[in-house]
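In: Generate a structure from the sequence data that follows.
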Amino acid sequence: MGNEFQVNSAGARPERSGTPVQDRVRTPDARNVCVEEDILQKVIGESDFDSPDDTMKQEKNWTVPGFGPMTRVTTNFGQIPAQALRVRDLVRTQSGDFLPIVWLDRILLNEDFMVHHPEAMPIELQPSVFGPGKPAKSVVLSPGQDVCPEPGFGDPNLTRVSDMLQRPGAMRRPEQIYTYTVFHLGKPEMVDCEGLWIYLDPKAQDLGGGSSL
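Out: This next block holds a predicted model:
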């Protein structure tokens, strides 16, 4: 199971997340600029601006991928909620093969962080938002997650979940506290999630830490 950690903007003390694993805390602390910059550079990308006067107009983009707790991923045992996935679980890929999860982590965003970074709030994709059965049921994903509505051979045609907010059937879900499950299979792959293919890239997924094979 992955190490769960809090992203917290108020303090630096580890807090138990309710699982018997070693806690790992990433704390954007206003009193510690180095820590704050390190965290935000890894999880939030900021758009460019033309001049210093435009600084306040900046929009922040949550770039970390991930699955909502109850979003189901197809495994060799059936559809399993993301919050129950573990390292070594076999998940269905586009080729039809079931490959093991080789790295997994969980990112716990607390209330204080959500207040300051609403762009990190999850997005719900309703059934058939990409066409019949894509997905078959609602899925909740990180705004930074890439999906592949029309998988094929060659380079995948990816859509960033945050870009879907302009379309009917996609909506932000306000949350005070939220946990994303992040995992990969050791190489770029697409996994089945309620009939929608989700793109996993180890370079984008792995923030360091977590559990691995």
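
In: C-alpha only now, for contacts and for neighbours.
Out: Fine.

In: list the contacts for the residue nearest to F98 when sequence neighbours are not counted?
Out: Leaving aside its chain neighbours, F98 sits nearest to R92 (4.4 Å; criterion: C-alpha to C-alpha, 6 or more residues apart in numbering). Counting by C-alpha atoms under 8 Å, 6 or more residues apart in numbering, R92 touches T74, T75, N76, F98, L99, V191, D192.

In: Of the residues you listed - the most surrounded one?
Out: V191 (27 neighbours; other C-alpha atoms under 10 Å).

In: Nearest spatial neighbour of that one, chain-adjacent residues omitted?
Out: Per C-alpha to C-alpha, 6+ apart, closest to V191 is T93, 4.5 Å.

In: and the contacts of R92, which of them are in strands?
Out: Using DSSP state E, T74, T75, F98, L99, V191, D192 are the members of those that sit in strands.

In: Where does pLDDT dip in this protein?
Out: Within the chain, the ranges that satisfy pLDDT under 70 run 1-59, 152-155, 205-210.

In: For Y178, list each beta-bridge partner.
Out: L109 (DSSP bridges).

In: For the remainder of this discussion, apply numbering that starts at 319.
Out: Shifting the count to begin at 319 puts that one at Y496.

In: So it sits against L426, correct?
Out: Yes: the criterion here is C-alpha atoms under 8 Å, and Y496 meets it with L426 at 5.9 Å.

In: picking that back up, the residue nearest to F416 sits in which helix or strand?
Out: strand 408-410 (DSSP states H and E).

In: Could I get the full set of helices for this protein?
Out: Along the chain, counting by DSSP state H, helices occupy 351-361, 429-434, 520-523.

In: For the second one, output the C-alpha coordinates as CSV.
Out: So that's helix 429-434. Taking Å, rounded to 0.1, in the frame of the first residue of the first chain, the C-alpha atoms of helix 429-434 are listed here in CSV:
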residue,chain,number,x,y,z
GLU,A,429,-9.2,21.5,4.4
ASP,A,430,-6.7,24.3,4.7
PHE,A,431,-5.0,23.3,1.5
MET,A,432,-8.3,23.0,-0.4
VAL,A,433,-9.3,26.5,0.7
HIS,A,434,-6.1,28.0,-0.8
